[in-house]
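[1] Turn this into a model:
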Amino acid sequence: MPMDIETYRALGLDRQPPLEMNGRGAADFRLSLNHPGDAPYHPCAEAFPAAGVPEGEVAAHRGWNQSGVYAGTRRDLFVYLPAGLDRTRPANLIIFNDGAAYLARQGAVRASRVLDSLHAAGEIAPTVALFINPGSRRDDTEPDWDQRRGEYDPLTPTYGRFLVDDILPFVEQAHGLALTRDPAGSAVCGISSGGICAFTVAWTRPDRFGRVISHCGSFVNIDGGHNYPFLVRSTPRKPIRVLLQGGVNDGRNVYGDWPLANQTMANALDFAGYDSRFEFGTGGHTLRHGGAIFADSLRWLLRDGAGKD
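    Numbering: from 1, shown residues only. Here you go, the predicted model:
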């Protein structure tokens, strides 16, 4: 089933690819966005909370433009606060790149509803979720392909600095709450370039972010992401836990082979002794498989991340 246009826009995938992606490689990649291999995958049961499950609050900050790291950008930011949150105690945290796609009530993941179910069942500690869209340098806030790529794909500490210096202080002040400083209680999640970005944030800032979910991560040569398997194998192990999801029918283009890249990354994490998990399915470059296993992914990822502040 194709993703709706709002989800495409939230992912920055409704735009013409950069010029270097035009031609046969780009065509193959676009076809992979809705592959028949995704047909078995549907939102997990927890995306449909039982009657009486308390619903968390979602606050929208549209056109947020207070970033010092990415000065001159505007973006939409959504903050999920679990029902009954005690704002006097540090809350755990999960950040979603391409946030609107993960938040969408009719989307493949429906993350806030899954969090409602897991909170109600007592399966995760109180967790605040931030759904952050890529920035735009235009007058509107529709994610811009070039800005998204500039934020998500480089293997640098910049996006992590954006989270720590810009986003987290704003959210704490705007909502009168405290967020944990314990990396075991701080996760980052994303798809495609947002997936490699989630890993880069933890890789460069393991002091603040210790948990990663990467869906169809772009561990290919867009901005050097193909180097990560070597770096993982050759660098002293960092205290991060990683869940990778990929699909045999994911994209292949001039930048690389997404299925092979994710398998290579999973092998590197295993070789280096990381606490890691690899879910390899039949899907293409979508959130369908990731959404189907999302509740189980959170249980595994956050199983001991209660926060120790």
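[2] what sits opposite Ala60 in the beta ladder?
    Following DSSP bridges, Ala60 is listed with bridge partners Phe78.
[3] For it, give its distance to Arg288.
    Between Ala60 and Arg288 the distance, using Cβ to Cβ, to the nearest Å, works out to 26 Å. Just so you know, the C-beta spots here come from the backbone N, C-alpha and C atoms, and that holds for glycine as well.
[4] Show me the helices in the chain, by range?
    According to DSSP state H, the chain carries its helices in the segments 5-11, 24-31, 99-103, 111-120, 145-152, 158-161, 168-175, 193-204, 228-234, 258-271, 288-292, 294-301.
[5] ok, back up a step: same drill for Ala60 and Arg288, tell me which one is more crowded.
    Taking Ala60 and Arg288 together and counting by other Cβ atoms under 10 Å, Arg288 has the greater number of neighbours (27 against 12).
[6] Surely that one touches Pro36?
    No - using Cβ atoms under 8 Å, Arg288 is not in contact with Pro36, being 11.0 Å away.
[7] Quick check: neighbours shared by those two?
    Shared contacts of Arg288 and Pro36, defined by Cβ atoms under 8 Å, 6 or more residues apart in numbering, are not found at any residue.
[8] hey, least reliable of the helices of the chain by pLDDT?
    Among the helices of the chain, helix 24-31 has the lowest mean pLDDT, at a mean of 41.
[9] The residue positioned nearest the centre of the chain: what's its closest spatial neighbour, skipping adjacent residues?
    With distances taken as Cα atoms, centre = their mean, the chain has Gly190 as the residue nearest its mean C-alpha position (1.8 Å). Setting aside the residues directly before and after it, Gly190 is nearest to Asn97 in space (Cβ to Cβ, 6 or more residues apart in numbering), at 3.4 Å.
[10] cool, and Gly56?
    The nearest residue in space to Gly56 (Cβ to Cβ, 6+ apart) is Pro82, at 4.6 Å.
[11] Look up how far Gln106 lies from Thr127.
    Noted for Thr127: a distance of 23 Å to Gln106, by Cβ to Cβ.
[12] out of these two, which sits in the busier spot?
    Neighbour count, other Cβ under 10 Å: between Thr127 and Gln106, Thr127 has more, with 26 against 9.
[13] I'd like the distance from the residue nearest to the more buried one when sequence neighbours are not counted to Ala129, if you could.
    Counting by Cβ to Cβ, 6+ apart, Thr127 lies nearest to Asn92, which is 4.2 Å off, once chain neighbours are set aside. Plainly put, Asn92 is 10 Å away from Ala129 if you go by Cβ to Cβ.
[14] neighbour count winner among these two?
    Legend: neighbour count by other Cβ under 10 Å for Asn92 and Ala129, higher for Ala129 (26 against 23).
[15] how about the more buried one, what does it touch?
    Val79, Tyr80, Leu93, Ile94, Ile95, Phe96, Ala111, Ser112, Leu115.
[16] What separation do you get for Ala261 and Ser117?
    Following Cβ to Cβ, the distance that separates Ala261 from Ser117 is 32 Å.
[17] So between these two, which is more surrounded?
    Regarding Ala261 and Ser117, a neighbour count based on other Cβ under 10 Å identifies Ala261 as having more, with 26 against 20.
[18] give me the low-pLDDT residue ranges for the stretch 51-200 of the chain?
    When the per-residue scores of the stretch 51-200 of the chain are filtered using pLDDT under 70, the ranges that remain are 140-143.
[19] Recalculate using a threshold of 90.
    Low-confidence segments of the stretch 51-200 of the chain, defined by pLDDT under 90, span residues 105-107, 137-146.
[20] okay but Leu130 is in contact with Ala100, surely?
    No - the pair Leu130 and Ala100 fails to qualify as a contact (Cβ under 8 Å) at a distance of 12.0 Å.
[21] Could you name every residue contacting both of those two?
    Between them, Leu130 and Ala100 have Phe78 as joint contacts when contacts are counted by Cβ under 8 Å, 6+ apart.
[22] and the helices of the chain as TSV, adding distance to Tyr41?
    Rendered in TSV, the data for those read as follows (distance: least, Cβ to Cβ, whole Å):
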stretch	distance to Tyr41
helix 5-11	14
helix 24-31	18
helix 99-103	15
helix 111-120	15
helix 145-152	24
helix 158-161	28
helix 168-175	31
helix 193-204	17
helix 228-234	26
helix 258-271	16
helix 288-292	4
helix 294-301	11
